[in-house]
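**Q** Sequence plus the predicted model coming up.
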Amino acid sequence: MKDKGAVSVGVFDSGIGGLSVLSAMRELLPAQPVIYFGDQAHVPYGPRPMAEVRDFSEEITRFLLDQGAQLIVVACNTASAAALRYLRNQFPDVPFVGMEPAVKPAAEQTRSGVVGVLATPATFQGELYASVVERFAKGVEVLQDTCSGLVAQIEAGNLYGAATRLILERALKPMLARGVDTVVLGCTHYPFVIPLIEEIAGPSVRVINPAPAVARQVRRLLEERDWLASQGEGVTRFFTSGEPEQFIPHLDRLLSFNTSEVNKVLWKQKALRIGE
């Protein structure tokens, strides 16, 4: 496999959730350059109108392409639900990978016939989720919960505290009472609390993290285009519309990635500009 000028992959999320996807990509694609954007000025996306999330996603895509990305990973379930089809129409020459709730493998793996899905309101309201359930969950009971407030707790770095536990217990205990044995994580923030989910749900409940499957799809698209970097260590460039000093600790804590180079990007009249 030849390295064709080290093609960069753009990855974006409303905040730090996409780091769970980046972690899986770094494990599978260690040589690939990556440009990561966290829209922390607007986190969380879940409660926002779909049209607003679509507009954010379009401008972030333009920004990542301007920075040199040639493949875009929409590492946010809400943005995928709101904008993925639209982005593919707007940028027909750009390959996109989005987040699809992993209902299909959950329906295939469940023994009890009861599956739980944890996701944001926008994800549940989107056509993509409804289509996945319709196609793959026939004969399976699908329970769902929005885990209100969980994204904010994770963004704040509270992965194990009492508030985070309470949110997850409120979501999971009614599901467990109805026999759920498989839980789908329908938000890229949620993999960071898998240890707490497993502690609450117990060893008999399978938790499905979609990030490894997304990384595999990225690799397939890169291979198809002869874009897969096979040599060296891929550089990751980080951008946030929030405060870099608040973003940097997450990199060390969640990815063991030590860096002080996170670039500040400003929203100005609905456009993104690199700021001070």
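**A** Received, thanks.

**Q** quick check, Asn263 in a strand?
**A** Yes: per DSSP: H, G, I helix; E, B strand; the rest coil, Asn263 lies within a strand segment.

**Q** Wait, it touches Gly242, no?
**A** No: here Asn263 does not reach Gly242: they are 11.5 Å apart, not a contact under C-beta atoms under 8 Å. The C-beta positions use only the backbone N, C-alpha and C, and glycine is treated the same way.

**Q** quick one, helices of the stretch 1-150 of the chain?
**A** 19-28, 50-66, 77-90, 103-109, 121-125, 127-136, 150-155 (DSSP state H, counting those that start in this stretch).

**Q** just checking, next helix/strand downstream of the last one?
**A** Under the assignment DSSP states H and E, the closest C-terminal helix or strand after helix 150-155 is helix 162-177.

**Q** Residues touching that next one, excluding its own?
**A** For helix 162-177, the external contacting residues (C-beta atoms under 8 Å, 6 or more residues apart in numbering) are 114, 116, 118, 143, 145, 147-150, 153-154, 158, 180, 183, 193, 196-197, 200-202, 205.

**Q** Name only those of the residues you listed that count as buried.
**A** Buried subset of the contacts of helix 162-177 (neighbour count, 16 or more other C-beta atoms under 10 Å): 114, 116, 118, 143, 145, 147, 150, 153-154, 180, 183, 193, 196-197, 200-201, 205.

**Q** Looking at Asn263 and Gly242, which has the bigger crowd around it?
**A** Gly242 (19 against 15; other C-beta atoms under 10 Å).

**Q** residues contacting that one?
**A** Here Gly242 is in contact with 15, 38, 40-41, 43 (C-beta under 8 Å, 6+ apart).

**Q** what do you get for Val183?
**A** Applying C-beta under 8 Å, 6+ apart, the residues near Val183 are 106, 115-118, 172, 175, 197, 201, 205-208.

**Q** which among these gets closest to Phe56?
**A** Nearest to Phe56, judged by C-beta to C-beta, of those is Leu118 at 22.6 Å.

**Q** Just the pLDDT at the nearest residue to the closest one once chain neighbours are set aside, thanks.
**A** Distances taken as C-beta to C-beta, 6 or more residues apart in numbering place Cys147 nearest to Leu118, at 5.2 Å, with adjacent residues excluded. Per-residue pLDDT puts Cys147 at 96.

**Q** shouldn't Cys147 be in contact with Gly186?
**A** No: in this structure, Cys147 is not within contact of Gly186 by C-beta under 8 Å, at 9.4 Å.

**Q** anything in contact with each of those two?
**A** Common contacts of Cys147 and Gly186, defined by C-beta under 8 Å, 6+ apart, comprise 118-119.

**Q** I'd like the distance between Met99 and Glu243.
**A** 26 Å (C-beta to C-beta, to the nearest Å).

**Q** between those two, who's got more neighbours?
**A** A count of neighbours by other C-beta under 10 Å puts Met99 above the other of Met99 and Glu243, at 30 against 12.
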